[in-house]
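S.K.: take a look and give me a structure for this.
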Amino acid sequence: MNILYIDPIFGISGDMMISAFLNAGLPFEEIKTLLEKLPVPVPALSPEKKKQGIIEGIHLNIEDSNTHLSIRQMEEIIKTVEIDEKIREDARGMLDIILEAESKVHGTSKDHLHLHELSHIDTLIDLLCVAKGMHYFNIQKVFCGPVPHGRGTIKTSHGIIPNPPPVTLEILTGYTVVFLEEPLELTTPTGATIVRYYVKDKNMAPPFTIEKTGYGMGAYKTAKPDILRILIGKTEEPLYEEEVWVIESDIDDMEMEYLGAISDKIREAGALDVLYFPVYMKKGRIGIRLSVTVTAEKLQKILDTLFLETTTFGIRLRKDRRRTLKREVQTIETSYGPLRIKNGFDANGNHIKSHIEFEDVKRLSVEKNIPFRVLLDALKSEIYVIKKR
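M.R.: Model prediction:
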């Protein structure tokens, strides 16, 4: 399994992460080709070799730009740009983390949210290029050391605010941080987002063989090296094992006909899985046990949803682990229309199973006025022929 260890010696930002990937071997042409596909003016980028003390790495120069994008524009670009689906998924996932944190900090919904510094084109560049680097090196699991922060205050478009900014701390809630005696913004919101999105396992990295190293250089001139170091290597640890939370609640005083709709709301809030099944409770009463699996970053949102939408006064929590196959979504053209297929791969990269996306079959069934079961059987036969070619 390919793993990445992020060593944020003096913090982390989006451009430092891209620089570290470039120094580790990501061809700059890959970045240029990706950014040329964007339908908006992109500032010129140029990687520059730099040295701090005995350490040599890459500093990514980004030309000044006045291009700012609305949330809708960023979402639309990520949705429509011609890129690998995994890159699209990761970029959108990171953007969602930023929007959720900003919404919480500013006490407003995403629809009324207005980004300031993070609306700059640099944010979109960071998200797409970091996702590209992860995809290029086929990173399957990411670990990270304690994330450094400076002290004091910093100047932003909102005025003078505490260092680190509230949105950065919100994103890194639940992660290990360390404060340094530096009056500098060492970790940016985008850098924090990279950690939050990719680092699912907060334990120490397992034993691994180092194959590549990369040094991303920042622009601060201090006594300490302004460096982000990454280590890329292989480990024999199991594929895609991550820490999750399991939430349970036993309910016997709620109208059961609403449980399906409530389960949908819990899934929309970010749950990985939602189950409910009958249980025997006090005095022989039959109730329902609601069981929800969720990642750490979505835990509080799911808890809030459960307390708001159900009659429960108490919830049980426990940490658990789950292991999944590596997944890729493939869209194929059938005689009935486009159809998404989820493919699963084992630890050696072998394709071992596929699953037709239910929502696509449901949509095509309505569009073509064909019974669901008839259409599903026809699609399975057609896909089998396509794969045999």
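S.K.: what sits against residue 370?
M.R.: 336, 364, 378 (CB atoms under 8 Å, 6 or more residues apart in numbering). Glycine gets a C-beta too; all of them are placed from N, C-alpha and C.
S.K.: looks like residue 75 contacts residue 92 (just checking).
M.R.: Yes: counting by CB atoms under 8 Å, residue 75 does reach residue 92; the two are 7.4 Å apart.
S.K.: any buried residues in the helix or strand residue 300 falls within, and which?
M.R.: In this assignment (DSSP states H and E), residue 300 forms part of helix 299-309. Neighbour counts using 16 or more other CB atoms under 10 Å place 299, 301-303, 305-306, 309 of helix 299-309 among the buried residues.
S.K.: with only the CA atoms kept, save the very next helix or strand once past it in CSV.
M.R.: Using DSSP H and E, the helix or strand that directly follows helix 299-309 along the chain is strand 316-323. The C-alpha trace of strand 316-323 is given here as CSV (Å, rounded to 0.1, in the frame of the first residue of the first chain):
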residue,chain,number,x,y,z
ARG,A,316,-24.0,6.0,22.9
LEU,A,317,-20.6,6.5,21.2
ARG,A,318,-17.7,4.2,20.5
LYS,A,319,-14.7,4.2,18.2
ASP,A,320,-14.4,1.5,15.7
ARG,A,321,-12.4,0.6,12.6
ARG,A,322,-13.5,-0.2,9.1
ARG,A,323,-11.6,-1.5,6.0
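S.K.: next helix or strand past strand 316-323?
M.R.: strand 326-334.
S.K.: okay, now the sheet partners of that following strand, with direction.
M.R.: Note on strand 326-334: by DSSP bridges, its sheet partners are strand 337-345 (antiparallel).
S.K.: quick check: mean pLDDT of the strand it pairs with?
M.R.: Across strand 337-345, the average pLDDT comes to 89.
S.K.: and the next helix or strand past it?
M.R.: Strand 337-345 is succeeded, C-terminally, by strand 351-356 (DSSP H and E).
S.K.: I'd like the average pLDDT over that following strand.
M.R.: 89.
S.K.: dump it to CSV, restricted to CA.
M.R.: Extracted C-alpha coordinates of strand 351-356, given in CSV (Å, rounded to 0.1, in the frame of the first residue of the first chain):
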residue,chain,number,x,y,z
HIS,A,351,-10.5,-5.5,-9.9
ILE,A,352,-12.6,-7.9,-7.9
LYS,A,353,-16.2,-6.5,-8.1
SER,A,354,-18.5,-3.9,-9.6
HIS,A,355,-21.8,-2.3,-8.6
ILE,A,356,-24.3,-0.4,-10.8
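S.K.: quick one: contacts of the following helix or strand past it?
M.R.: Using DSSP H and E, the helix or strand that follows strand 351-356 in sequence is helix 358-368. With CB under 8 Å, 6+ apart as the test, helix 358-368 has contacts from 336-340, 370-372, 375-376, 379.
S.K.: if you set the cut-off to 6 Å instead, what comes out?
M.R.: 336-337, 339-340, 372, 375-376 (CB atoms under 6 Å, 6 or more residues apart in numbering).
S.K.: about what we covered before: kindly reformat the buried residues of helix 299-309 as TSV containing pLDDT and distance to residue 350.
M.R.: Shown next, in TSV, are these (pLDDT from 0 to 100; distance: CB to CB, whole Å):
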residue	pLDDT	distance to residue 350
299	91	34
301	91	36
302	94	34
303	94	39
305	93	38
306	94	39
309	92	41
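S.K.: just to revisit the earlier point, please spell out the ChimeraX selection for the buried subset of the contacts of helix 358-368.
M.R.: Here is the ChimeraX command that selects the buried residues among the contacts of helix 358-368 (16+ other CB under 10 Å):
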select :336,339,340,375,376
